[in-house]
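# Structure for this input, please:
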Amino acid sequence: MMKILKLTESNTGKMIRERRARDKAAEGVAQRIVNDVRRRGDRALLAWTKRLDGMELDRGEIWVSRDELRAARRAASGDLIRAIERAARNIRRVAERQKPQAWKLEVESGVRVAQIVRPLRSVGCYVPGGRFSLLSTLLMTVIPAQIAGVPEIVVASPRPNAALLAAAELLGVSRLARVGGAQAIAAFAYGTETIPRVDKIFGPGNRYVTAAKRLISADCAIDRLAGPTELLILSARGNPRYIAADLLAQAEHDPDAVALLVMPSRKLAVAVRAELLTQLEQLPKNNPAWRSTRDRGAILIASGMNAAIRFANEFAPEHLSLPDGDESLVKKINSAGSVFLGNFSAQPLGDYATGTNHVLPTAGWARVEGGLSTADFMKCFTVQKISRAGFRELAPTAKALAGAEGLLAHARAVEVRE
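Numbering: from 1, shown residues only. This is a model prediction of the structure:
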């Protein structure tokens, strides 16, 4: 059962060290798989898929056929189709707003600079399979790629279920491979006879997927190391029933999920823990929330909300919930993947339908980066055009700086034009 602890420097430091520790065991396994797929291509991909996912495929079965996609859409209920369409519409609206813009600027007379925006050429979207096929992750990765204008979008997901296939068909996804794990990441990074090499890999995954992304990141760009999910709730007067439900919703993702509650009231903490137990009893015993709340969860009693805020900024959680609805607290937050403000801003709404992206930084990376956005699927580069008059104005500045750095050829490249 979730522990109630006093928030101290000691247990704060312990939690942060545990999150930052690299998973050497997972990296060892992932390294074997990555090396094998890089060396043997499809043969290794299929062998690891059989060994780890229990699926015996041949090369012709790696890709989901268009007929399967169409059949899944036809078989899907109207309620599911409408839910997918509404979520997709909101995600598109946010993704459009996030799109980087081209611009031009005359920085001084005769010196014009511009920003050019281009989509990446090819991306691989990884959609976790595990216990469930997360069709929401398909939406969160494919839609920003489409808004960015990426011409080649390849998806990989182990054991994609009918709902995911229906969503893929609705989005117009034409290349969906039924492979997963570290072997799918390796295939994206290096290519096989069947899976094309991509320029950048997107999407969260388990510890082995995260380890594989770390290992291949020198050879193929990745979005971020999105490991086991995290939720931190800060509350002084919240509703115990709502808080317990939010903690369990996040905890059921993975046995390694982190679910934390920080509050100054021990009385409220006891009420939340009692509610947690009541709601846990309504979940199957094999639900990961049983294990994650016991092993990775905690209720921390802080001296006050200022201490709770300091902890939140140091912990830099993936999801930060402020159910009290105090907007002044948001101004004090500088490190969080996504913030949920108010009693009715349930974290699952962000997972599915608000339009914000649920691929978020974990393990403290929210200190330096935010969630996935359209900008991650694009690249910006600059252009400069300098007139003769502009050259005459800038030449002395460039020569002086080149001389200070001892770069004689730089200075000469200016002098020959004078």
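
# If we ignore the residues flanking it in sequence, what's nearest the most centrally placed residue in the chain?
Closest residue to the average C-alpha location of the chain: V359 at 2.6 Å, with C-alpha atoms, centre = their mean. Excluding its sequence neighbours, the residue lying closest to V359 (C-beta to C-beta, 6 or more residues apart in numbering) is L372, at 3.8 Å. For glycine as for every other residue, the C-beta is placed from the backbone atoms N, C-alpha and C.

# Isn't that neighbour up against L360?
Yes. Between L372 and L360 there is a contact at 7.4 Å, judged by C-beta atoms under 8 Å.

# got any residues that touch both of the two?
With C-beta atoms under 8 Å, 6 or more residues apart in numbering applied, the contact sets of L372 and L360 do not overlap.

# burial of the nearest residue to T141 once chain neighbours are set aside, as a residue count?
With sequence-adjacent residues excluded and distances taken as C-beta to C-beta, 6+ apart, T141 is closest to C125, at 3.9 Å. Counted with other C-beta atoms under 10 Å, the neighbours of C125 add up to 29.

# Which other helices and strands does the helix or strand C125 falls within contact?
Counting by DSSP states H and E, the element that carries C125 is strand 122-126. Applying 3 or more C-beta pairs under 8 Å, 6 or more residues apart in numbering; DSSP states H and E, one finds that strand 122-126 makes contact with helix 135-148, strand 152-156, helix 181-190, strand 200-202.

# In JSON lines: the ones you listed, plus mean pLDDT, mean neighbour count and distance to L165.
Shown next, in JSON lines, are those (pLDDT from 0 to 100; neighbours: other C-beta atoms under 10 Å; distance: least, C-beta to C-beta, whole Å):
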{"stretch": "helix 135-148", "mean pLDDT": "97", "mean neighbour count": "25", "distance to L165": "9"}
{"stretch": "strand 152-156", "mean pLDDT": "98", "mean neighbour count": "23", "distance to L165": "11"}
{"stretch": "helix 181-190", "mean pLDDT": "98", "mean neighbour count": "28", "distance to L165": "17"}
{"stretch": "strand 200-202", "mean pLDDT": "98", "mean neighbour count": "26", "distance to L165": "19"}
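
# out of those, nearest to T8?
Evaluated with C-beta to C-beta, those place helix 135-148 nearest to T8, the distance being 36.3 Å.

# list the helices and strands the closest one packs on?
Helix 135-148 packs on helix 78-98, strand 122-126, strand 152-156, helix 162-171, going by 3+ C-beta pairs under 8 Å, 6+ apart.

# Deepest in the core, which of these is it.
strand 122-126 (a mean of 27; mean count of other C-beta atoms under 10 Å).

# Give the pairing partners of it; include direction for each.
The pairing partners recorded for strand 122-126 under DSSP bridges are strand 152-156 (parallel), strand 200-202 (parallel).

# Extract the C-alpha trace of it and format it as PDB.
This file holds the C-alpha atoms of strand 122-126, laid out as PDB (Å, rounded to 0.1, in the frame of the first residue of the first chain):
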ATOM      1  CA  SER A 122      11.100  10.300 -42.700                       C
ATOM      2  CA  VAL A 123      10.000   9.500 -39.200                       C
ATOM      3  CA  GLY A 124       9.300   6.300 -37.300                       C
ATOM      4  CA  CYS A 125       6.400   6.400 -34.800                       C
ATOM      5  CA  TYR A 126       6.600   3.800 -32.000                       C
END
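
# Any idea how far it is from the middle of the chain?
Chain-centre distance of strand 122-126: 13 Å, with C-alpha atoms, centre = their mean, to the nearest Å.

# between that strand and helix 181-190, how many degrees?
180 degrees (axes from the mean of the first three to the mean of the last three C-alpha atoms, to 10 degrees).

# avg pLDDT for strand 122-126?
Averaged over strand 122-126, pLDDT sits at 98.

# just to revisit the earlier point, Throw the helices and strands packed on helix 135-148 into JSON lines and include distance to R178, thanks.
Output for those, formatted as JSON lines (distance: least, C-beta to C-beta, whole Å):
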{"stretch": "helix 78-98", "distance to R178": "20"}
{"stretch": "strand 122-126", "distance to R178": "13"}
{"stretch": "strand 152-156", "distance to R178": "8"}
{"stretch": "helix 162-171", "distance to R178": "10"}
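
# how about the ones you listed, which one is nearest E275?
helix 78-98 (28.1 Å).

# how far off helix 162-171 does the closest one point, in degrees?
Calculated by the same axes, to 10 degrees, helix 78-98 forms an angle of 50 degrees with helix 162-171.

# And helix 78-98, what does it pack against?
Looks like helix 78-98 contacts helix 135-148, helix 162-171 (3+ C-beta pairs under 8 Å, 6+ apart).

# just checking, next helix/strand downstream of that helix?
strand 103-108.

# buried sites along that following strand?
Judged by neighbour count using 16 or more other C-beta atoms under 10 Å, strand 103-108 contains no buried positions.

# Contacts for that strand next, please.
Strand 103-108 is contacted by residues R112, V113, A114, Q115, G390, E393 when judged by C-beta under 8 Å, 6+ apart.
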